[in-house]
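1. Could you work out the structure for the sequence below:
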Amino acid sequence: MTAAPSLVEQAVAHLNARRYAEAATLFLAAVNAVPTDDEAWRGLAVALALQGRLGDLIGLADYRERRRGDGFLFCHEALGLLLTYRLHGHLRALDDALPMASVYKPPALYQAACADLLDGAEDAAFARLGRFKELVRAGAGQLPIGADSHFNIAYRQGTLIEDVDFVAGLAEPAAVAARLPATVRELDAGAGGRPYVLATACDRHYFERFAPGFVRSAAAQMPGAALHFHVMAADEASRSLFRALTAEAPGLALNLSTEPDSALRSGAYYASARFLVGPDLLRHYRRPVVLLDADVGFLQPLDPLVAAAAGYDFTCFRHDGAGPCSRYPAVLGVCDPGAGGQAFLERVRLFVLAKLEIEWPFNWMLDQAALASVIRWVRKTRGETGVGILNELVGTHFQPWLRSVGGDEKAALIRAASGQ
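-> Okay, the predicted model is just below:
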């Protein structure tokens with residue numbers, strides 16, 4: 001005997017048939033029948049939004065607060081669903097309607113800014129993010145921003161990103177710069193005649209886990225390539241591994257620089273380190289440097305990417321998803337050795353230093369925040385010629401060129417590096 005459809009199943013059927021009012025009625029009945037049914041709450045939020053009942057959506061968040069005590073987080077999740085459904089106009093209208101004093105204003109500002117970014121309205125997005133930043137900093141003690149909160153992602157992306165004036169005013173933060181450990185150039189094999197250098201930076205644990213695959217895939221796809229590893233908190237085991245990889249891949253020009261352990265160590269520091277040493281690498285090699293994640297394998301030669309980057313100071317891929325710090329993944333960036341490329345990387349370095357002392361879990365994605373902020377600054381001050389977008393230049397994202405490796409293991413190493 002077939003069981004009768006549940007209230008949620010009936011509501012979903014109405015939603016799929018675009019009978020939004022009927023869907024909302026059944027989702028509400030399901031919410032009242034089983035208040036712990038998250039699917040019913042989410043469905044009701046979507047059904048209300050699709051009818052344009054934005055005021056009732058806020059009322060639903062209030063109801064959720066009374067029933068389950070997490071109205072703020074529910075509102076943030078519900079507005080994220082509107083972003084998924086591409087209801088961008090609804091998000092902007094809701095943000096415009098809510099007063100700054102509303103408890104739901106932070107998620108409204110953030111999700112509306114994400115909608116603006118997806119629609120190419122970058123100036124409007126950064127204006128909202130500026131208001132978001134002011135609001136959450138004033139009330140950070142009352143907001144659910146811990147590492148386990150899904151609002152943490154919005155909080156850190158919205159507070160790490162900066163607009164043009166901040167980037168233009170960056171200067172060397174003497175106190176932080178003085179705490180940076182000295183770089184030791186341990187093996188300098190040069191560029192081996194290659195027109196560009198592949199470079200990555202990581203701590204010794206990441207190096208020991210991912211460097212062998214990095215080197216072997218480079219040797220397979222780009223025989224004769226020049227590679228530079230910068231290893232933080234290096235020890236004899238990591239140096240021994242480097243020597244073994246040099247012997248295993250004699251056709252590659254392998255270069256090593258290291259730095260001792262540092263009080264600045266964290267997942268964000270290690271992820272951003274390629275941009276801290278990048279300007280020096282450009283000066284040293286005097287040719288394009290391709291800055292890469294350490295946890296990748298090469299699927300084909302990168303020569304076409306470097307060729308496409310010619311004429312730009314800096315070139316990278318763009319991700320067209322939501323989130324102000326998610327748009328420019330740091331997985332691969334081609335840096336030109338000329339004055340413009342040097343200036344770009346130096347500005348990214350200064351940005352990282354300016355925020356390096358922000359604590360975990362609020363500093364993760366600092367490297368991508370730096371890229372996005374400096375890219376916006378370059379485009380506002382130099383136009384479109386300073387930064388190239390590889391998606392547009394070669395017609396693909398990075399997946400045909402690189403594969404990410406490590407999975408959950410990477411997250412564990414990052415947390416360990418941050419003392420978690």
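
2. Which residue comes closest to Tyr155 once chain neighbours are left out?
-> Ile145 (4.4 Å; CB to CB, 6 or more residues apart in numbering). (Glycine included, C-beta is placed from N, CA and C.)

3. Verify the assumption that that neighbour is located in a strand.
-> No: going by DSSP: H, G, I helix; E, B strand; the rest coil, the assignment for Ile145 is coil, not a strand.

4. wouldn't it be in contact with Asn152 here?
-> Yes: Ile145 lies in contact with Asn152 (CB atoms under 8 Å); the separation is 5.3 Å.

5. residues shared between the contacts of the two?
-> Shared contacts of Ile145 and Asn152 (CB atoms under 8 Å, 6 or more residues apart in numbering): Phe362.

6. Thr159: which element?
-> helix 151-160 (DSSP states H and E).

7. For that helix, which helices and strands make contact with it?
-> helix 71-84, helix 105-118, helix 122-138, helix 366-382 (3 or more CB pairs under 8 Å, 6 or more residues apart in numbering; DSSP states H and E).

8. That one: what's the following helix or strand?
-> helix 164-168.

9. Please list the residues outside that next one that contact it.
-> Here helix 164-168 has contacts from Arg347, Phe351, Ser373, Val374, Arg376, Trp377, Lys380, Thr381, using CB under 8 Å, 6+ apart.

10. In the residues you listed, which residue is surrounded by the most others?
-> The most neighbours of any of these, using other CB atoms under 10 Å, belong to Val374, which has 28 neighbours.

11. Would you confirm that it contacts Glu346?
-> No: assessed by CB under 8 Å, Val374 is found out of contact with Glu346, at 9.7 Å.

12. on that earlier part again, to Tyr20, which of the helices and strands packed on helix 151-160 lies closest?
-> helix 71-84 (13.4 Å; CB to CB).

13. now that closest one: how far from the chain's centre is it?
-> A distance of 20 Å separates the centroid of the chain from that of helix 71-84, by CA atoms, centre = their mean, to the nearest Å.

14. just stretch 287-304 next, same as before
-> 19 Å.

15. follow-up on the earlier one: and the helices and strands packed on helix 151-160 as CSV, adding distance to Gly338 and mean pLDDT?
-> Below are the helices and strands packed on helix 151-160 laid out as CSV (distance: least, CB to CB, whole Å; pLDDT from 0 to 100):
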stretch, distance to Gly338, mean pLDDT
helix 71-84, 39, 96
helix 105-118, 30, 97
helix 122-138, 26, 95
helix 366-382, 13, 94
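
16. can you count the residues close to Glu359?
-> Neighbours of Glu359 (other CB under 10 Å): 10.

17. whoops, Trp360 was the one
-> Using other CB under 10 Å: Trp360 sits among 18 other residues.

18. give me the element it is part of.
-> With DSSP H and E as criterion, Trp360 is part of no helix or strand.

19. Ok, Ala199 next?
-> Per DSSP H and E: strand 197-203 holds Ala199.

20. ok, for Arg283, nearest residue in space, not its chain neighbours?
-> Gln342 (7.3 Å).

21. mind giving me the domain split of this structure?
-> The chain breaks down by automatic domain parsing into domains covering 7-165, 181-417.

22. Mind telling me which of the ones you listed the model trusts least?
-> Among the domains of the chain, domain 181-417 carries the lowest mean pLDDT, at a mean of 91.

23. For Gly169, give its distance to Leu276.
-> With the distance defined as CB to CB, to the nearest Å, Gly169 ends up 20 Å from Leu276.

24. These two: which is more packed in?
-> Leu276 (24 against 10).

25. Which elements pack onto the helix or strand hosting the more buried one?
-> Leu276 belongs to helix 267-285 when assigned by DSSP H and E. With contacts taken as 3+ CB pairs under 8 Å, 6+ apart, helix 267-285 sits against strand 197-203, strand 226-232, strand 289-292, helix 339-355, helix 366-382, helix 408-417.
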